[in-house]
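**Student:** quick one, fold the following:
(one chain, ligands or ions: 1)
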Amino acid sequence: MASLPQSGFSSLAGKRLLLGVSAGIAAYKSALIVRLLKQAGCEVRVVMTDGAQAFITPLTLQALSGEPVRTSLLDPEAEAGMGHIELARWADAIVIAPATADLIARLVHGMADDLLTTLCLASEAPRLIAPAMNQAMWRHTATQRNVAQLAADGWQLIGPAAGDQACGDVGPGRMSEPEEIIEAIRRHFAPPPIAPQDAPHVVITAGPTREALDPVRYLSNHSSGKMGYALATEAARQGARVTLISGPVSLPTPAGVERIEVETALQMHAAALRLAPEATVFIGCAAVADYRAENAAEHKLKKSDDRDTLTLTLVKNPDIIADVAALPIEQRPFVVGFAAETQDVERYAQDKLARKGLDMIVANDVSQQGLGFGSDDNAALLLWRTPLGNEQLSAPPQPKTQLAALIFQQTLAQLSLISSGA
Ligand code: C5P
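**Tutor:** As a prediction, this is how the structure comes out:
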């Protein structure tokens, strides 16, 4: 089994980070965040909300950061040192970890009722935020609405992760681990690792397909498109030219990505086979319907009083990714498939890798609660071919955005091995 690839991203050395800490039990992990940032060569200044000080003392974070910790907007002595506007200008980035539901709500409304929220308003620096709260609070429509607004306002979300919570619940809302937070900050500062002239063209299928039964009904599935969109976002962020062939989803088009909208498997197949011969990488992330109605009714199917059953004849859809993988060698991109399994993940993934002629497969166990379809998190087994046999890497549960970075990184690593002839 391969080890996790080291990110080739630039160092954080010399970056000036303002770390905001609010009142969650995860505040104790802020100490490790400060330590890791200092180890990476950052200058760190910490701002704590009133509530955060009930969980960890300013003195601890002062000792670790080597700088006085700011806790109040109305502190004449601290303001005489570095005023809050100066502090807001000083930061290369603001990172809030942990961020409570309350702090998120205040940020959404542009409130400036304490030092941290005031700094967020006064600063034009990039802003990253790691929410941490009970799973019901995280799932609450108010929080979800607020988080979506924060993302729309340009905040980069880190996590949250899913799992055991301090309150005894299990679910999403745990703060991402300090190491993941550092990696997200590192990635944020990384220049696109791909030079424009070397930019690969990455074609990604995402979301479900819809197969009409009549003008108002269709066959489909629960795919949210989140994983494919996360991959498209990551590939574009890293400098690739990205075309997303998307089934119907309610996600915004990622920045810099060309989106081709399709409904049916046949439309997705046609778009994929038109684009794939010019592509460097093809990633089949869509949940394509295996079957479609043989003859979709021209008019709405009527319920009949004297008939208790309705028989539909379905015909098989083409296997899009298998057809891309079967292109002649000079037209064939590097092909990455996905496999959602409910048991024997590795065996089925190995089989699919071989049967569909893929170069790499990302398999996940969709029977695990809180992971896979529709959720923000995923765990996966990555399997790829090498001349000496298949290799694999197991990625633990993590946000789909993070998993997308890992998958794309591994894809680029395999691609460079192939093009160097290794
Ligand atoms: O066979 P299964 O549906 O499990 O395979 C999943 C993989 O195959 C995914 O990468 C999916 O996008 C792709 N696929 C496809 N066309 C189909 C069915 C699946 O490209 N008709």
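
**Student:** bridging residues for residue 281?
**Tutor:** Beta-bridge partners of residue 281, counted by DSSP bridges, are residue 202, residue 334.

**Student:** neighbours of it, how many?
**Tutor:** 25 (other C-beta atoms under 10 Å). From N, CA and C alone the C-beta is placed, and that goes for glycine too.

**Student:** state the distance from it to the ligand.
**Tutor:** 13 Å (C-beta to the nearest ligand atom, to the nearest Å).

**Student:** over to residue 180?
**Tutor:** 26 Å.

**Student:** next: residue 255.
**Tutor:** Distance, residue 255 to the ligand, using C-beta to the nearest ligand atom: 24 Å.

**Student:** please apply the same query to residue 23.
**Tutor:** With C-beta to the nearest ligand atom as the criterion, residue 23 and the ligand are 43 Å apart.

**Student:** tell me the confidence at residue 372?
**Tutor:** The model reports residue 372 with a pLDDT of 62.

**Student:** for the one 3 residues further on, same thing?
**Tutor:** Note on residue 375: pLDDT of 75.

**Student:** now swap in residue 16 and tell me
**Tutor:** So, for residue 16, pLDDT stands at 97.

**Student:** list the contacts of it.
**Tutor:** Going by C-beta atoms under 8 Å, 6 or more residues apart in numbering, residue 16 touches 42-43, 45, 90-93.

**Student:** so where's the stretch 101-250 of the chain uncertain?
**Tutor:** Scanning the stretch 101-250 of the chain for pLDDT under 70 picks out 191-194.

**Student:** near the ligand, which residues of it show up?
**Tutor:** Counting by C-beta under 6 Å from any ligand atom, the residues of the stretch 101-250 of the chain close to the ligand are residue 205.

**Student:** list the buried ones in stretch 60-77?
**Tutor:** 61, 64-65, 69-71, 73 (16 or more other C-beta atoms under 10 Å).

**Student:** residues touching the helix or strand in which residue 80 is found, excluding its own?
**Tutor:** Take DSSP states H and E as the rule and residue 80 turns out to sit in helix 76-81. Residues from elsewhere that reach helix 76-81 (C-beta under 8 Å, 6+ apart): 68, 70, 72.

**Student:** can I get those residues in a markdown table including distance to the ligand and pLDDT?
**Tutor:** Supplementary listing: these in a markdown table, determined by distance: C-beta to the nearest ligand atom, whole Å; pLDDT from 0 to 100:
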| residue | distance to the ligand | pLDDT |
| --- | --- | --- |
| 68 | 53 | 95 |
| 70 | 49 | 97 |
| 72 | 53 | 95 |
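
**Student:** returning to what we had before: which one of the contacts of residue 16 has the most neighbours?
**Tutor:** residue 42 (25 neighbours).

**Student:** taking the contacts of residue 16, tell me the two that lie furthest apart.
**Tutor:** Greatest spatial distance among the contacts of residue 16 (C-beta to C-beta): 42 and 90, at 12.5 Å.

**Student:** so residue 349 touches residue 360, yeah?
**Tutor:** No: in terms of C-beta atoms under 8 Å, residue 349 does not count as a neighbour of residue 360; the distance is 10.2 Å.

**Student:** so what sits against both of these two?
**Tutor:** residue 383.

**Student:** now the strands for the stretch 1-150 of the chain?
**Tutor:** 16-21, 43-48, 93-99, 127-131 (DSSP state E, counting those that start in this stretch).

**Student:** JSON lines please, covering those strands and showing distance to residue 150.
**Tutor:** Listed next are those as JSON lines, based on distance: least, C-beta to C-beta, whole Å:
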{"stretch": "strand 16-21", "distance to residue 150": "13"}
{"stretch": "strand 43-48", "distance to residue 150": "18"}
{"stretch": "strand 93-99", "distance to residue 150": "9"}
{"stretch": "strand 127-131", "distance to residue 150": "7"}
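
**Student:** closest to residue 119 out of the contacts of residue 16?
**Tutor:** residue 91 (7.8 Å).

**Student:** wait, what's in contact with the closest one?
**Tutor:** 16-18, 45, 119, 123, 125.

**Student:** repeat that for 6 Å
**Tutor:** By C-beta atoms under 6 Å, 6 or more residues apart in numbering, the contact list for residue 91 reads 16, 18, 123, 125.

**Student:** scan those residues and report the most crowded one.
**Tutor:** Highest count within the contacts of residue 91 by other C-beta under 10 Å belongs to residue 18, 25 neighbours.

**Student:** my guess is that residue contacts residue 94, does it?
**Tutor:** Yes: the pair residue 18 and residue 94 passes the contact test of C-beta atoms under 6 Å, sitting 4.8 Å apart.

**Student:** that older thread, let's see the helix holding residue 80 as CSV, backbone CA atoms only.
**Tutor:** Provided in CSV are the C-alpha atoms of helix 76-81 (Å, rounded to 0.1, in the frame of the first residue of the first chain):
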residue,chain,number,x,y,z
PRO,A,76,-6.9,50.8,25.7
GLU,A,77,-3.5,49.2,26.5
ALA,A,78,-3.8,46.6,23.7
GLU,A,79,-5.1,49.2,21.2
ALA,A,80,-2.1,51.4,22.0
GLY,A,81,0.2,48.5,20.9
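
**Student:** leaving out the residues flanking it, which one is nearest to whichever residue of the stretch 51-200 of the chain sits closest to the ligand?
**Tutor:** The nearest approach of the stretch 51-200 of the chain to the ligand comes at residue 200, 18.6 Å away (C-beta to the nearest ligand atom). Spatially, and ignoring its direct neighbours in sequence, residue 200 is nearest to residue 280 (3.5 Å; C-beta to C-beta, 6 or more residues apart in numbering).

**Student:** and the one you found, how far from residue 298?
**Tutor:** From residue 280 across to residue 298, the span is 42 Å (C-beta to C-beta, to the nearest Å).

**Student:** neighbour count for those two, which is higher?
**Tutor:** residue 280 (18 against 7).

**Student:** quick one, phi/psi of the more buried one?
**Tutor:** The phi/psi pair for residue 280 (degrees, to the nearest 10) reads phi -90, psi -40.

**Student:** so it touches residue 201, yeah?
**Tutor:** Yes: with contacts counted by C-beta under 6 Å, residue 280 reaches residue 201, the gap being 5.2 Å.

**Student:** can you tell me the helix or strand for the residue of the stretch 101-250 of the chain found nearest the ligand?
**Tutor:** Using C-beta to the nearest ligand atom, the single residue of the stretch 101-250 of the chain nearest to the ligand is residue 205, 5.7 Å away. In this assignment (DSSP H and E), residue 205 forms part of strand 201-206.

**Student:** thanks a lot, catch you later.
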